[in-house]
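> here is a sequence together with a model predicted from it:
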Number of protein chains: 2
Amino acid sequence: METRAVTARTTPESARDIPEATVARLPVYLRALTTLSEQGTATCSSEDLAAAAGVNSAKLRKDLSYLGSYGTRGVGYDVDYLRYQIAREIGVTQDWPVVIVGIGNLGHALANYSGFRSRGFRVVALLDADPKRHDEVVAGVDVRPFDHLEQIVRDHGVAIGVIATPALAAQDVADRMVGCGITSILNFAPTVLTVPAGVDVRKVDLSIELQILAYHEQRKTHAEEPA
Amino acid sequence: METRAVTARTTPESARDIPEATVARLPVYLRALTTLSEQGTATCSSEDLAAAAGVNSAKLRKDLSYLGSYGTRGVGYDVDYLRYQIAREIGVTQDWPVVIVGIGNLGHALANYSGFRSRGFRVVALLDADPKRHDEVVAGVDVRPFDHLEQIVRDHGVAIGVIATPALAAQDVADRMVGCGITSILNFAPTVLTVPAGVDVRKVDLSIELQILAYHEQRKTHAEEPA
DNA sequence: CTCGGTTTGTTCTCCCGTTCACAAACTCCT
DNA sequence: AGGAGTTTGTGAACGGGAGAACAAACCGAG
């Protein structure tokens, strides 16, 4: 990460100062715009888009202002134009080759997930350590031995890896991924990964989400009793 | 010690005022403590536990302080004792019946996910609108028609529902869930759900996580060029 | 061309969360 | 028993994000 706060930012159209919270919402806006576009909507106000994305309209406008001035006062936003601008900013206008390691139930689901392909993410390989899986074909891609990782990453220029293995294997897989040049990892294994600086890790934990719901649920039902 | 509960939210006096960010981390601590316990560790310092959970030790101590004073100065925390306290606070010491709607690839993965059962979440029913799936048995539970939702929720006292359907069906499913008394929903469908106040919705979106990684990845490779 | 209505982009303020730093409290060793 | 060394719990500073509010900018009617 660039820690030096360079004040001479003479790049007007590429304001590289987007807060992390905004980055996390841009894909939501992108999806809402796609839905609007498919419904035939040509332009929309920040109020409309905010409603479709499930956020506050002031927050939406501030988020978009980090990208530039893509709206028209008194009118709103051109749906397709804004959609392209957000897609370009996120980077989903280019092609992102992805490898998925661990073809269990979750790996199957990920390999078949259409939401990846439609946003520029192309699954170039499915890897699994278990030889019994190596004759399977999932979502049109055949499962290959985990040892092929280095060659596949080199051949396809893979920068993003997805870990869908059991928890015990995850750190080893991450180490191998980092070792052959992968710099972004999406981790579905329920474990904390240790990676060197410069490598991004995002974690999706299915049971944690349920536990958060359980906490609030417990307080709801408990609130009625006087203890 | 006594947190000044000046801001009287909708929670009565017995419920403590745990920040949302802390609640989201408690399951992580819980898992780290379970791992430590399985490794035979009896006590640990906040530094140890923070390392295992991947957070700052000061943050960890502050988080735990919201629950109470469960550590011993100069010594650390008793692993099993702290683990129980956190589990009780989250609510995973009790049994949570759960229904899963939508038995596609993701629904299969969720039904088979061992991380649910081991934390008190019991899948009491798998529902799907497609009659062709109704003779399947997934993870020891047979798939039933979606119309059975009301009866199942009533019979088992279900409070938590999981939506793993396509985006188009998600809002209808959510409405039906809310209608029969479910007050917590975990949504895997890529759409924004509208629910009445008092119902909690948490969203897990697989492609959004990848897009966030892509954004940062794009900036990494772009940073080398002087533009 | 001008004026009223509309909507964006931005500023300002408040609040939540993170982090630092340190006193309080406990153990162990002599 | 007392002091040295550790570690927790917490007050306080700090940074970032959320939301309200408003000026600037645009369109269309007359």
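Now that the structure is in, tell me what you want to look at.
> any chance you could list what contacts the longest helix seen in chain A?
Criterion DSSP state H: the longest helix present in chain A is helix A:20-38. Helix A:20-38 has contacts (C-beta atoms under 8 Å, 6 or more residues apart in numbering or on different chains) with A:44, A:48-49, A:52-55, A:59-60, A:62-64, A:66, A:79-80, A:82-83, A:86-87, A:89-90, A:92, B:190, B:192, B:205, B:207-208, B:211-212, B:215-216. Backbone N, C-alpha and C define where each C-beta goes, glycine included.
> centre of the chain to whichever helix or strand comes after it, how far?
From helix A:20-38 onward toward the C-terminus, using DSSP states H and E, the following helix or strand is strand A:43-44. With C-alpha atoms, centre = their mean, to the nearest Å as the basis, strand A:43-44 stands 26 Å off its chain's centre.
> do the same with stretch A:100-118
With C-alpha atoms, centre = their mean as the basis, stretch A:100-118 stands 13 Å off its chain's centre.
> do it and chain B meet at all?
Yes. Applying C-beta under 8 Å from any C-beta of the partner chain, one finds stretch A:100-118 touching chain B at A:Gly104, A:Asn105, A:Leu106, A:His108, A:Ala109, A:Leu110, A:Asn112, A:Tyr113, A:Gly115, A:Phe116.
> give the buried residues for that stretch.
Buried positions in stretch A:100-118, judged by neighbour count with 16 or more other C-beta atoms under 10 Å in any protein chain shown: A:100-113, A:115-116.
> do me a favour and get the end-to-end distance for it?
17 Å (C-alpha to C-alpha, to the nearest Å).
> which other residues reach that stretch?
Contacts of stretch A:100-118 (C-beta under 8 Å, 6+ apart): A:98, A:122-123, A:125-128, A:133, A:136, A:138-139, A:141, A:143, A:146, A:149, A:161-166, A:169, A:173, A:177, A:188-189, B:104-106, B:108-109, B:112-113, B:190, B:206-207, B:210.
> same thing with stretch A:51-62?
Counting by C-beta under 8 Å, 6+ apart, A:22, A:25, A:28-29, A:31-32, A:35-36, A:44, A:46-47, A:49-50, A:71, B:192, B:194 sit against stretch A:51-62.
> in its sheet, what does the longest strand seen in chain A sit against?
The single longest strand within chain A, with elements called by DSSP state E, is strand A:121-128. Next to strand A:121-128 in the sheet, as set by DSSP bridges, lie strand A:96-101 (parallel), strand A:141-145 (parallel).
> other SSEs contacting the host helix or strand of A:Arg88?
Using DSSP H and E, the element containing A:Arg88 is helix A:79-90. Here helix A:79-90 touches helix A:20-38, helix A:57-67, helix B:206-222, going by 3 or more C-beta pairs under 8 Å, 6 or more residues apart in numbering or on different chains; DSSP states H and E.
> C-alpha coordinates for the last one, CSV please?
The C-alpha trace of helix B:206-222 is given here as CSV (Å, rounded to 0.1, in the frame of the first residue of the first chain):
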residue,chain,number,x,y,z
LEU,B,206,-20.0,-13.9,-3.3
SER,B,207,-19.4,-11.8,-6.4
ILE,B,208,-19.2,-8.5,-4.4
GLU,B,209,-16.2,-9.8,-2.5
LEU,B,210,-14.4,-10.7,-5.7
GLN,B,211,-15.2,-7.2,-7.1
ILE,B,212,-13.7,-5.6,-4.1
LEU,B,213,-10.5,-7.6,-4.5
ALA,B,214,-10.5,-6.7,-8.2
TYR,B,215,-10.6,-3.0,-7.4
HIS,B,216,-7.5,-3.2,-5.2
GLU,B,217,-5.8,-5.6,-7.6
GLN,B,218,-6.4,-3.1,-10.4
ARG,B,219,-4.7,-0.4,-8.4
LYS,B,220,-1.8,-2.5,-7.5
THR,B,221,-0.8,-3.2,-11.1
HIS,B,222,-1.7,0.3,-12.3
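> name the helices or strands packed onto it?
With contacts defined as 3+ C-beta pairs under 8 Å, 6+ apart, helix B:206-222 has these neighbours: helix A:20-38, helix A:79-90, strand A:96-101, helix A:114-117, strand A:121-128, strand A:160-163, strand A:184-187, strand A:200-203.
> drop anything exposed from the contacts of stretch A:100-118.
A:98, A:123, A:125-128, A:133, A:138-139, A:141, A:143, A:146, A:149, A:161-165, A:169, A:173, A:177, A:188-189, B:104-106, B:108-109, B:112-113, B:190, B:206-207, B:210.
> how about A:Asp95, phi and psi?
Backbone torsions for A:Asp95, taken as degrees, to the nearest 10, come to phi -100, psi 130.
> count of neighbours near it?
For A:Asp95, the count of nearby residues is 9 (other C-beta atoms under 10 Å in any protein chain shown).
> list the contacts for it?
So A:Asp95 contacts A:Gly120, A:Arg122 (C-beta under 8 Å, 6+ apart).
> contacts only, for the residue in chain A positioned nearest to DNA strand D.
When scored by C-beta to the nearest atom of the strand, chain A has A:Gly74 as its residue closest to DNA strand D, at 2.5 Å. By C-beta under 8 Å, 6+ apart, A:Gly74 lies in contact with nothing.
> one more time with 10 Å, if that's ok
With contact set as C-beta atoms under 10 Å, 6 or more residues apart in numbering or on different chains, A:Gly74 has these partners: A:Ser45.
> and the gap between it and chain B?
Here A:Gly74 is placed at a distance of 27 Å from chain B (C-beta to the nearest C-beta, to the nearest Å).
> which two among the residues of stretch A:100-118 next to chain B are spaced furthest apart?
Largest separation among the residues of stretch A:100-118 next to chain B by C-beta to C-beta: A:Gly104 and A:Gly115, giving 19.5 Å.
> just to revisit the earlier point, how about the strands paired with strand A:121-128 in JSON lines, adding mean pLDDT?
Listed next are these as JSON lines, based on pLDDT from 0 to 100:
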{"stretch": "strand A:96-101", "mean pLDDT": "98"}
{"stretch": "strand A:141-145", "mean pLDDT": "97"}
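> just the buried residues out of the contacts of helix A:20-38, in ChimeraX syntax.
With 16+ other C-beta under 10 Å as the criterion, this ChimeraX line picks the buried residues out of those:
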select /A:44,48,49,52,53,55,60,63,64,79,82,83,86,87,89,90,92 /B:190,192,205,207,208,211,212,215,216
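> which ones, among the contacts of helix A:20-38, also lie beside DNA strand D?
Filtering the contacts of helix A:20-38 for proximity to DNA strand D by C-beta under 7 Å from any atom of the strand leaves A:Val55, A:Lys59, A:Lys62.
> how many neighbours does A:Ala159 have?
Neighbour tally, A:Ala159, other C-beta under 10 Å: 20.
> low pLDDT regions in chain A?
Across chain A, residues meeting the criterion (pLDDT under 70) sit at A:1-16, A:222-227.
> any idea how far A:Leu206 is from B:Arg119?
Distance, A:Leu206 to B:Arg119, by C-beta to C-beta, to the nearest Å: 11 Å.
> dump the helices and strands packed on helix A:79-90 into TSV; add distance to B:Ile182 as well.
Putting the helices and strands packed on helix A:79-90 into TSV (distance: least, C-beta to C-beta, whole Å) gives the following:
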stretch	distance to B:Ile182
helix A:20-38	24
helix A:57-67	28
helix B:206-222	23
